[in-house]
Structure formats: C-alpha cells, structure tokens
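[1] The sequence isn't on hand, but the structure is:
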C-alpha cells in the first residue's frame with residue numbers, strides 16, 4: 001500500500017493572520033497540524049516552532065535509535081521545552097502555546113498517533129467517519145461527565161478553554177496510540193477552525209466524494225469559509241491506497 005496526501009491552511013474570513021501550521025514529511029512518514037495561541041506573534045511562533053522541531057527530531061530518530069512511541073513522546077517533550085524556553089526569554093510571548101495532532105507511519109500497515117489540545121484526527125473507513133482523538137478541553141470533560149450535551153458544547157462560551165497544550169510546565173505525559181492502516185482509509189488532521197464551522201457529517205460527506213487529497217483539503221477549507229471562517233483553518237488529508245500491479 002502507499003499513501004497520497006495533501007495539506008492546506010487558510011487564515012479564515014475574519015482573522016488577518018494565520019497562527020496555524022502544518023507539516024507533511026515528503027517521504028510520507030509524519031503528518032502534523034498545530035494551532036497556536038498567545039497573540040499573533042506568540043501563536044504563530046509556537047505552532048511553526050513545534051512542527052519544525054517535531055519533524056526534525058523524528059527525521060533524526062524515526063526507525064533508527066528509538067522505538068516509535070518513545071521517539072514521538074520525546075519529540076513532543078522537546079517541543080514543549082523549547083516553547084517554555086522562549087516564553088522565559090521573551091515576556092511579550094509568555095502566554096504562547098499550541099495544540100498539535102500527529103500521525104506517523106511505520107513499516108507496512110503500522111501507524112501511531114497522538115495529540116495535545118483540540119486539533120483532531122479523523123478516520124473515514126467504509127464510509128464511516130470516526131474521531132480518533134479526544135479534545136483536551138473543558139467542554140469535552142463536561143460532556144464526558146454528563147454535564148453538557150454535544151449540541152450545547154458547540155456554542156458554550158468555554159468551548160475553547162484547553163486543559164492541555166504545548167507550552168505548559170504541567171504538561172501531562174503524551175499518550176501515543178497505535179492503529180493499523182487499511183486500503184481505502186482516509187485520515188484527516190485538522191485544527192478547530194474547521195470543526196467549529198463544519199459538522200462531522202458534513203466532513204464525512206466531503207471525504208466520501210473526494211477526487212484526490214488535494215481536492216478534499218480545498219473543499220474542506222471552502223466549506224469552513226462559507227460557514228463563517230471565524231478562525232484559522234487547516235486540514236491535512238492522507239489517503240491509503242493499494243499499490244498498482246506495476247509497483
């Protein structure tokens with residue numbers, strides 16, 4: 001099997017600058033979306049720094065000197081340490097931080113993913129869309145506790161309140177989960193600028209009729225902008241396909 005992939009980011013309709021960032025490894029090993037916070041300069045710096053540092057670390061150690069789970073956890077810790085160091089050096093960006101969702105491919109059908117914050121990973125398999133990540137937000141905890149319904153959470157004033165993000169001294173250990181890739185799978189990594197505007201069933205409909213990953217990310221960005229585009233919007237789509245007979 002092989003992967004086809006594409007990514008796109010957009011500032012949205014309302015905001016002037018883009019604090020989102022994404023990274024796609026040219027070899028198809030790592031895929032990331034980050035959503036920065038802490039003001040324009042801080043959020044933009046945090047997201048870009050994070051994807052660059054995690055990509056550099058994984059490129060150095062992936063499949064060489066460390067087990068995949070350990071490499072991913074150390075890469076995330078390294079990014080958190082760098083953000084904390086920049087906060088200490090520059091009081092103007094002392095509140096900067098970022099979410100991150102990461103998908104990594106190993107040998108064959110093996111893959112791993114992790115996240116911090118509310119950037120999400122979805123999987124479309126057999127026409128069924130599943131959210132693989134759990135938002136690290138106050139409203140997600142309230143839903144799990146039975147205090148809020150998903151419909152109430154979409155308009156709750158605290159829906160953007162994160163319980164975890166990179167750039168915190170009290171960052172909890174990052175949980176890395178494994179998954180098995182199957183031909184026909186479609187994976188979506190995205191920032192909350194997409195999911196705030198486009199409902200899951202609408203995301204699923206776009207992914208089901210996609211012509212290519214390039215078409216899908218553009219369609220998702222367009223859908224979010226048409227529904228308000230109040231935040232920065234980023235999407236990375238990874239399609240799992242069978243190898244051709246020639247290959």
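    Everything's here; your move. What you see is a predicted model; the values in this text were computed from it and never measured.

[2] For the chain, which segments are assigned as helices?
    Taking DSSP state H, the helices of the chain run over residues 40-61, 68-89, 138-144, 150-153, 192-195, 200-208, 213-226.

[3] Tell me which residues touch the closest residue to residue 180 other than its chain neighbours, please.
    Of all residues not flanking residue 180 in the chain, residue 109 sits nearest, at 5.0 Å (C-beta to C-beta, 6 or more residues apart in numbering). In short, each C-beta sits where N, CA and C put it, glycine included. Residues counted as contacts of residue 109 (C-beta atoms under 8 Å, 6 or more residues apart in numbering) are 1, 180-182.

[4] Equivalent analysis for residue 25, please.
    Per C-beta under 8 Å, 6+ apart, neighbours of residue 25: 31, 55, 58-59.

[5] Swap in 7 Å and give it another go.
    Counting by C-beta atoms under 7 Å, 6 or more residues apart in numbering, residue 25 touches residue 55.

[6] wait, which of the helices of the chain is closest to residue 124?
    With C-beta to C-beta as the measure, helix 200-208 is the member of the helices of the chain nearest residue 124 (4.6 Å).

[7] Mind giving me the packing neighbours of the closest one?
    strand 120-125, strand 128-131, strand 186-190, helix 213-226 (3 or more C-beta pairs under 7 Å, 6 or more residues apart in numbering; DSSP states H and E).

[8] just how off-centre is the second one within its chain?
    The reference is to strand 128-131. 15 Å (C-alpha atoms, centre = their mean, to the nearest Å).

[9] cool, the third one as well?
    The chain centroid and the centroid of strand 186-190 are separated by 8 Å under C-alpha atoms, centre = their mean.

[10] Could you list the paired strands of it along with their orientation?
    Strand 186-190 pairs in its sheet with strand 120-125 (antiparallel), strand 233-241 (antiparallel), by DSSP bridges.

[11] packing partners for the helix or strand bottoming out on mean pLDDT in the chain?
    Ranked by mean pLDDT, DSSP states H and E, the helix or strand of the chain with the weakest confidence is helix 150-153, at a mean of 72. The contact analysis (3+ C-beta pairs under 7 Å, 6+ apart) places helix 150-153 against helix 138-144.

[12] Highest mean neighbour count out of the helices and strands packed on helix 200-208?
    strand 186-190 (a mean of 27; mean count of other C-beta atoms under 10 Å).

[13] Out of the helices of the chain, which gets the lowest mean score?
    Across these, helix 150-153 has the smallest mean pLDDT, namely a mean of 72.

[14] what's near enough to touch residue 224?
    193-194, 197-198, 233.

[15] For those residues, please prepare TSV with the additional fields distance to residue 129 and neighbour count.
    Below are the contacts of residue 224 laid out as TSV (distance: C-beta to C-beta, whole Å; neighbours: other C-beta atoms under 10 Å):
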residue	distance to residue 129	neighbour count
193	18	29
194	13	30
197	16	21
198	12	24
233	18	32
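
[16] now the helices of the chain in CSV, with distance to residue 130?
    Shown next, in CSV, are these (distance: least, C-beta to C-beta, whole Å):
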stretch, distance to residue 130
helix 40-61, 24
helix 68-89, 21
helix 138-144, 16
helix 150-153, 15
helix 192-195, 14
helix 200-208, 9
helix 213-226, 17
